[in-house]
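Undergrad: below is the sequence, then the predicted model.
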Amino acid sequence: MLQVNNVTVVYGGVTAVMDVSFKVKDAEVMGLIGPNGAGKTTLMRVITGTVKPVQGTVFLESTPLEGKPPHKRIRLGIGLSQQIVHPFKSMTVLENVAFVAGHGKTGHPVMSVFRHSRAKEKQKAMEILHVLGIDKVAEAKPENLPLGYLKRLEVARAIALEPKILLLDEPLAGLNQLEARQLADKLLELNQLGHTILLIEHNLGEVIRICDQLVVIDNGMKIGQGEPHKVMDDAVVRSAYLGEGHHAAS
């Protein structure tokens, strides 16, 4: 589904990512992990098109993404849920998701409000909210909801565009243990429904529990890849995490 080939990123003479390659298979959950400052977010930005590598290529299925701006990559099937949630505060939870669903249908979010009946978009949005367990707050305003609900709303908005792959940047950050586990369970449900997921995450316990594969980055270089427990038992990977604490990763 996603192929990252020999990506290198340099900022002001400093190499942030060095010759990293990995593949995410269709209907797989892959975790991109590593100590603080390892280069994971930079890699995610290369995939979404906000950072240009000095070397390397990214493919979505068989389509090269080189030279394509972020909005065209989204059109091709990349969905992004960001760590900092930014819902439309003037809209309800349902309207937030329906608005994105309309954008995916018409190509222009503002005109979608005027040109099309929004019944189908609202129905689709309710189905997504139900899967994520927040359909009961569909008519609430985001500003009145706790972080756990907002995190789920951010994922819902990404899903509304019907992406081929869902990129999640620290979806569990800021949540307590119960909230984190509940959202991780929802991500597993989405995967079982056929969603391919690539996530950066601090919470190693949940990452190991829900991911099929892990890619480990340290100092901009890939130091491990494979099944979660095998990867975390690797001496090089364990060494990279020493002193980082239980939830180490950035």
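TA: Yep, that arrived. Computed from a predicted structure; not experimentally measured. Residues are numbered from 1 along each chain as shown.

Undergrad: what's in contact with stretch 156-163?
TA: Contact with stretch 156-163 is made by 74, 77-81, 87, 96-98, 100-101, 103-104, 124-125, 128-129, 132, 134, 166-168, 190, 195, as judged by Cβ atoms under 8 Å, 6 or more residues apart in numbering. (C-beta placed from N, C-alpha, C; glycine too.)

Undergrad: wait, I meant stretch 65-78
TA: By Cβ under 8 Å, 6+ apart, stretch 65-78 touches 47-50, 57-61, 63, 80, 161-165, 167.

Undergrad: mean confidence score for it?
TA: Throughout stretch 65-78, pLDDT has a mean value of 93.

Undergrad: separation between P87 and S81?
TA: 12 Å (Cβ to Cβ, to the nearest Å).

Undergrad: let me redo that: L175
TA: Taking Cβ to Cβ, one finds L175 at 14 Å from S81.

Undergrad: partner residues bridging Q213?
TA: Beta-bridge partners for Q213, by DSSP bridges, are M30.

Undergrad: enumerate every residue touching it.
TA: 24, 28-31, 225-228.

Undergrad: out of these, which are buried?
TA: Neighbour-count burial (16 or more other Cβ atoms under 10 Å) applied to the contacts of Q213 gives 24, 28-31, 225, 228.

Undergrad: and which of the residues you listed is nearest K40?
TA: Taking Cβ to Cβ as the measure, K40 lies nearest G31 of these, at 9.8 Å.

Undergrad: thought the closest one was touching V215?
TA: Yes - using Cβ atoms under 8 Å, G31 is in contact with V215, at 7.3 Å.

Undergrad: which secondary structure element of this protein has the lowest mean pLDDT?
TA: The helix or strand of the chain with the poorest confidence is helix 109-115; it has a mean of 51 (mean pLDDT, DSSP states H and E).

Undergrad: how far does the next helix or strand after that one sit from its chain's centre?
TA: Per DSSP states H and E, the first helix or strand lying C-terminal to helix 109-115 is helix 119-131. Put simply, helix 119-131 sits 20 Å off its chain's centre (Cα atoms, centre = their mean, to the nearest Å).

Undergrad: all strands for the protein, in order.
TA: Assigned by DSSP state E, the chain shows strands spanning 2-11, 14-24, 29-33, 55-60, 63-64, 78-81, 165-169, 196-200, 213-218, 221-226.
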